[in-house]
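J.: Task: produce atomic coordinates for the following.
(one chain, ligands or ions: 1)
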Amino acid sequence: GVEVTKQNLGNFLEWMTGVGTPIEEKEGEVFLNQAPYSFDLSVMDTYTALASGATIASLDKGTMSNAASTMEFLKVQNVNYWISTPSFVDMMLAEKDFNSEKYPDIKVFFFCGERLTKTTANKLIKTFPHSKVINTYGPTESTVAISSVEIKNEHINEDDELPVGLIKPGTKVFLQREDGIIIDEFNQNIAEESGGRENAGPKKTDVGEILIEGNTVSKGYFKMPEKTAAAFDLIKLKNGEVRRMYHTGDLGYFKEGMLYCIGRTDLQVKVHGYRMEIGDIEANILLKENVEAVCVVPKRKDGKIRSLVAFVVAPSVSGSFDDAKDIKRHLKELLPEYMVPKKIKFIDKLPMTSNGKVDRKTLEGMA
Ligand code: AMP
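T.: Take a look at the predicted model:
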């Protein structure tokens, strides 16, 4: 139980009601609620709609499990603001009638909760050329989301991966590098003692764990003081001030003030002694044309990771041995050999958790 206070929610809404369009434009519009109420993403649609004077169109589990009934629901409800995980929109994009001609009222697509891939964003921009596609990022512990960016063709064409956005007012993000040093977006060491070596100066790639400070950071975990103390840390700045920061477990970096989230610290794996980032492998598989979605999972034996398996959604190929070889060949051109998954398995669609995120656990069981 993450204790999000009324004040946290108010601070989040003060920002969120103005994201994508000004609050006045949201009044009287229809917001899609796809996330179950047990998932904090539902706070984004439900409360933003309430605070803007909009209507909530709540999609129930039965309707959602069937694409045709979801399509009908969207039409009848005249949804204007779409809020979901990227995985959910991927499911809808597989339907040929899901496009701006059939759904001209969708003005904005908001995403949060998992990585928005270039493949999904590109498809969406092409299918809904008049709608805005907005990526947002954040953990429940900092009240749903703390950053946002409208994804444009430039991002898709120029960046290796899509940004998660500019940080909202009232919030600050720092990065804790592997050596313990905590840096800000300008690569400056900010803390008096960052745990590791004293200021080592910025490294070539300043990737680090994303730490969040500010007016939406929650009180902590309900009745779990130890867990709270471990995740919400007090950090002394160089000027003597003490700040409370939440350790997200996400890895990120800054580029020109824009935050990028490249995966989770717990998705860093070691296979045969080589350390790698699973998100990195997935991003490279997605560069292959025809691949629509991918999830790479470790295959374990006796608790130890033995190899990696990639589950690939590529409806336009037959999924033969040669198709798998083709993906491996593509990866070998981009990554060191040890990062190429041993097995490529083709699958119709990736399983989802009840929150609408890719279900990595189930896939591990299938590896
Ligand atoms: P939850 O608390 O269930 O909303 O999950 C929060 C986690 O989802 C974050 O810590 C990230 O790992 C992931 N996440 C949220 N938004 C994004 C995004 N835009 N891109 C990549 N990962 C995200």
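J.: what does the stretch 251-367 of the chain put close to the ligand?
T.: 261, 264 (Cβ under 6 Å from any ligand atom). Using the backbone N, CA and C atoms, a C-beta is placed for each residue, glycine as well.
J.: Run through the strands of the stretch 251-367 of the chain in chain order.
T.: Listed in chain order, the strands of the stretch 251-367 of the chain (DSSP state E, counting those that start in this stretch) span 258-264, 268-271, 274-277, 293-301, 304-313, 343-346.
J.: would you turn those strands into TSV with mean pLDDT?
T.: Compiled in TSV, these are given as follows (pLDDT from 0 to 100):
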stretch	mean pLDDT
strand 258-264	91
strand 268-271	85
strand 274-277	84
strand 293-301	94
strand 304-313	94
strand 343-346	97
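J.: Distance to Lys61 and mean neighbour count for these - can I get that in TSV?
T.: As requested, the strands of the stretch 251-367 of the chain are exported to TSV (distance: least, Cβ to Cβ, whole Å; neighbours: other Cβ atoms under 10 Å):
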stretch	distance to Lys61	mean neighbour count
strand 258-264	27	20
strand 268-271	33	15
strand 274-277	34	14
strand 293-301	22	19
strand 304-313	23	19
strand 343-346	28	17
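J.: Return the residue spatially closest to Val79, with its sequence-adjacent residues excluded.
T.: Taking Cβ to Cβ, 6 or more residues apart in numbering, and ignoring the residues beside it in sequence, Val79 has Leu32 as its nearest neighbour in space, at 4.6 Å.
J.: Ok, Thr117 next?
T.: On the basis of Cβ to Cβ, 6+ apart, the spatially nearest residue to Thr117 that is not a chain neighbour turns out to be Leu286, at 5.5 Å.
J.: Identify the residues contacting that neighbour.
T.: Contacts were defined as Cβ atoms under 8 Å, 6 or more residues apart in numbering; by that measure Leu286 touches 117-119, 293-294.
J.: Could you do Ala310 as well?
T.: By Cβ under 8 Å, 6+ apart, Ala310 lies in contact with 281-282, 285, 294-296, 327, 341, 343-345.
J.: my guess is Asn78 meets Asp105, correct?
T.: Yes - Asn78 is in contact with Asp105 according to Cβ atoms under 8 Å; the separation is 5.1 Å.
J.: can you list residues touching both of the two?
T.: Contacts common to Asn78 and Asp105, judged by Cβ under 8 Å, 6+ apart, are Val30.
J.: Of the contacts of Leu286, just say which sits nearest to Glu277.
T.: When these are compared for distance to Glu277 (Cβ to Cβ), Val294 wins out at 14.1 Å.
J.: Could you export the helix or strand containing Lys172 as CSV, CA atoms only?
T.: When secondary structure is defined using DSSP states H and E, the element that contains Lys172 is strand 171-176. This file holds the C-alpha atoms of strand 171-176, laid out as CSV (Å, rounded to 0.1, in the frame of the first residue of the first chain):
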residue,chain,number,x,y,z
THR,A,171,9.5,17.8,-8.8
LYS,A,172,13.2,17.1,-9.3
VAL,A,173,14.9,14.1,-10.7
PHE,A,174,18.4,13.0,-9.9
LEU,A,175,20.4,10.0,-11.1
GLN,A,176,22.5,7.7,-8.8
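J.: center of this structure - which residue?
T.: The chain has Glu114 as the residue nearest its centroid, 2.6 Å off, counting by Cα atoms, centre = their mean.
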